[in-house]
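>>> Got a predicted model here, sequence first, then my questions.
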Protein chains: 2
Amino acid sequence: MERVERRASHGGFQEVWTHASAAVGGPMRFGIYLPPQAAERPCPVVYFLSGLTCTEQNVITKAGAQRYAAELGLVVVAPDTSPRGADVPDDPAYDLGQGAGFYVDATQAPWDRHYQMATYVAEELPALIEARFPVTTARGIMGHSMGGHGALVLALRHPGRYRSVSALAPIVAPSQVPWGQKALGAYLGPDAAAWAAWDACALIPGATERLPLLVDQGDADDFLARELQPERLQAACAAAGHPLTLRLQPGYDHSYYFIASFIGEHLAHHAAALAGQ
Amino acid sequence: MERVERRASHGGFQEVWTHASAAVGGPMRFGIYLPPQAAERPCPVVYFLSGLTCTEQNVITKAGAQRYAAELGLVVVAPDTSPRGADVPDDPAYDLGQGAGFYVDATQAPWDRHYQMATYVAEELPALIEARFPVTTARGIMGHSMGGHGALVLALRHPGRYRSVSALAPIVAPSQVPWGQKALGAYLGPDAAAWAAWDACALIPGATERLPLLVDQGDADDFLARELQPERLQAACAAAGHPLTLRLQPGYDHSYYFIASFIGEHLAHHAAALAGQ
């Protein structure tokens, strides 16, 4: 485990680490923001899962999360979006392979050897963070776009593991939209029955824990109608009685300007749920 | 004049425009953040001058200024750091030519034709902004590194034009350090007597307006000893009785993490000075 970046930021430190991951069978990289409070006591952690094409750098340089995390006393951990490297399978398209792990555990060759991002993000990474950094075991999870899908699905698949969950412009029903169909088809195979375990809208009916969902979505998002379709999440939550706060934000697109505008409210939502845990 | 980007951000809009500049004899590009208040009334403007290698994109995507500008009701204008284009002279080094205009009006060939960044930033751009956007004529100016030099020098050269000035890790004495000697030598010629009119420390003794200077400097900045030397500014201000607040920030480097950590306090400093103007 090696620290490759350390920057003073808002009274704390934005760090980047690389380590050998057993889950993905190779090196992984993550960002971690340590707020000033972490110098004095363990702090709760929010995991931020990024979208297609991103590394940990996008959110740590563009989202402005550090200011809010410093105010709220939150550690923010931002993993990369896939395994990387010359020996890791890839695809020339931006929406499959490296940079597009979709936070699933792949079952299909050639992806199954390294693309175990669900296990990495929900199991290996928290264990590492909790062993090596000044954090409590109070965990929140959030994400953007593909990472919003990851946050919703991992929280739904692991009742009790997260105390709070939220998403910005998430893919809510990957089984029903082109991005998701392509990725789930590749990583899990063509039988759509296997996809339901990785689809937030398909998981909601059987959820054993009704963790409230906070979702923001820009109404000027170019991917809204084709890939995101938050009305599917609204319908699934309404049918199952699952608590959902879904806010359509007028004029906002899919960019980091949107993320930066609302990440403060999301982190406050997590901080409230994680307080005292 | 053409708008090339428009993003909803913190209740307002981050825009990017391109226009034909008479001062530099070619197209120039700038970012402008319009806070929510600008939809209702004219707002004061803070000009942010960026450092070496930057375009308008660095500060608008990485500094997190929009949140503070939205809170404070400030328009923030971020010009590019030089003229650009195939017909604009350049140098292979990162610290001369395109991306390194140094906010001077060049007098030496081949730079003199296009590199008129002082006239552009202090005259042409404010006239354009004030004619085309919902702003008052209350102006502040700030910048980072080379842009901090630009902010200090343009405020000192134009008494009455700016109501507030501040800088993050500025080059305060370009005549005395390698970055400045190289750039001023190229743009203004080898006679160092011509450089004094573009050197904050050299301008302080003769300043006719004692506008207070706010300067933050990270003490872990790799360029501190060789290029920045804030002690020269401190000495010049002390000798002249020029008001200076110089703060050494422990642990901070030269990056946008430093800028993002302190830009809120700088914008608040400007907002206080610009209120009611």
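Structure received. Remember, predicted model here, so these are calculated numbers, not experimental data.

>>> The residue nearest the centre of chain A and B:Pro250: what is the separation?
By Cα atoms, centre = their mean, chain A has its centre lying nearest to A:Leu49, at 2.5 Å. Here the criterion is Cβ to Cβ, to the nearest Å. By it, A:Leu49 lies 33 Å from B:Pro250. Backbone N, C-alpha and C define where each C-beta goes, glycine included.

>>> what's the answer for A:Gly218, then?
A:Gly218 is 39 Å from B:Pro250, by Cβ to Cβ.

>>> Show me which of these two is the more surrounded one.
A:Gly218 (27 against 8; other Cβ atoms under 10 Å in any protein chain shown).

>>> partner residues bridging the more buried one?
A:Gln249 (DSSP bridges).

>>> So in terms of bridging, what pairs with A:Leu244?
Applying DSSP bridges, one finds that A:Leu244 bridges with A:Leu213.

>>> so it touches A:Gln234, yeah?
Yes - here A:Leu244 reaches A:Gln234: they are 6.6 Å apart, a contact under Cβ atoms under 8 Å.

>>> okay, and the common contacts of those two?
Shared contacts of A:Leu244 and A:Gln234 (Cβ atoms under 8 Å, 6 or more residues apart in numbering or on different chains): none.

>>> which parts of chain A sit against chain B?
Within chain A, the residues that sit near chain B (Cβ under 8 Å from any Cβ of the partner chain) are A:7-11, A:13-14, A:61-62, A:64, A:66-67, A:218, A:220, A:249-253, A:255-258, A:260-261, A:264.

>>> Near the closest residue in space to A:Gly99 that isn't next to it in sequence, how many other residues are there?
Leaving aside its sequence neighbours, A:Gly99 sits nearest to A:Thr53 (Cβ to Cβ, 6 or more residues apart in numbering or on different chains; 4.8 Å). Using other Cβ under 10 Å, A:Thr53 has 14 other residues around it.

>>> my guess is A:Thr53 meets A:Ala100, correct?
Yes - using Cβ under 8 Å, A:Thr53 is in contact with A:Ala100, at 7.4 Å.

>>> anything in contact with each of those two?
A:Thr81, A:Tyr94.

>>> Strands of the stretch 51-200 of chain A, start to end?
Taking DSSP state E, counting those that start in this stretch as the criterion, the stretch 51-200 of chain A carries its strands at A:75-79, A:135-144, A:164-168.

>>> Now those in TSV, please, with extra columns for mean pLDDT and mean neighbour count.
Supplementary listing: these in TSV, determined by pLDDT from 0 to 100; neighbours: other Cβ atoms under 10 Å in any protein chain shown:
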stretch	mean pLDDT	mean neighbour count
strand A:75-79	98	27
strand A:135-144	98	25
strand A:164-168	98	28
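
>>> Can I get stretch A:40-60 as PDB, trimmed to CA atoms?
Taking C-alpha atoms only, stretch A:40-60 is exported to PDB below (Å, rounded to 0.1, in the frame of the first residue of the first chain):
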ATOM      1  CA  GLU A  40      -8.400  14.000  16.600                       C
ATOM      2  CA  ARG A  41     -10.900  11.200  16.400                       C
ATOM      3  CA  PRO A  42     -12.300   8.500  14.000                       C
ATOM      4  CA  CYS A  43     -14.800   9.900  11.500                       C
ATOM      5  CA  PRO A  44     -17.600   8.200   9.500                       C
ATOM      6  CA  VAL A  45     -16.900   7.500   5.900                       C
ATOM      7  CA  VAL A  46     -18.800   8.300   2.700                       C
ATOM      8  CA  TYR A  47     -17.800   6.200  -0.400                       C
ATOM      9  CA  PHE A  48     -18.200   8.100  -3.600                       C
ATOM     10  CA  LEU A  49     -18.500   6.000  -6.800                       C
ATOM     11  CA  SER A  50     -17.700   7.800 -10.000                       C
ATOM     12  CA  GLY A  51     -19.200   7.500 -13.500                       C
ATOM     13  CA  LEU A  52     -18.100   6.200 -16.800                       C
ATOM     14  CA  THR A  53     -14.500   7.100 -17.900                       C
ATOM     15  CA  CYS A  54     -13.600   8.500 -14.500                       C
ATOM     16  CA  THR A  55     -10.700   7.700 -12.300                       C
ATOM     17  CA  GLU A  56     -10.500   8.900  -8.700                       C
ATOM     18  CA  GLN A  57      -9.100  12.200 -10.000                       C
ATOM     19  CA  ASN A  58     -12.300  13.500 -11.400                       C
ATOM     20  CA  VAL A  59     -14.200  13.800  -8.200                       C
ATOM     21  CA  ILE A  60     -11.300  14.800  -6.000                       C
END
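
>>> sec struct for the closest residue to A:Thr18 other than its chain neighbours, please.
Leaving out its chain neighbours, the residue that sits closest to A:Thr18 by Cβ to Cβ, 6+ apart is A:Arg29, at 4.8 Å. Secondary structure for A:Arg29, judged by DSSP: H, G, I helix; E, B strand; the rest coil, is strand.

>>> Verify the stated contact: A:Arg29 with A:Val4.
Yes - counting by Cβ under 8 Å, A:Arg29 does reach A:Val4; the two are 7.5 Å apart.

>>> The two: who's more crowded?
Neighbours per residue (other Cβ under 10 Å) separate A:Arg29 from A:Val4, with A:Arg29 holding more: 19 against 9.
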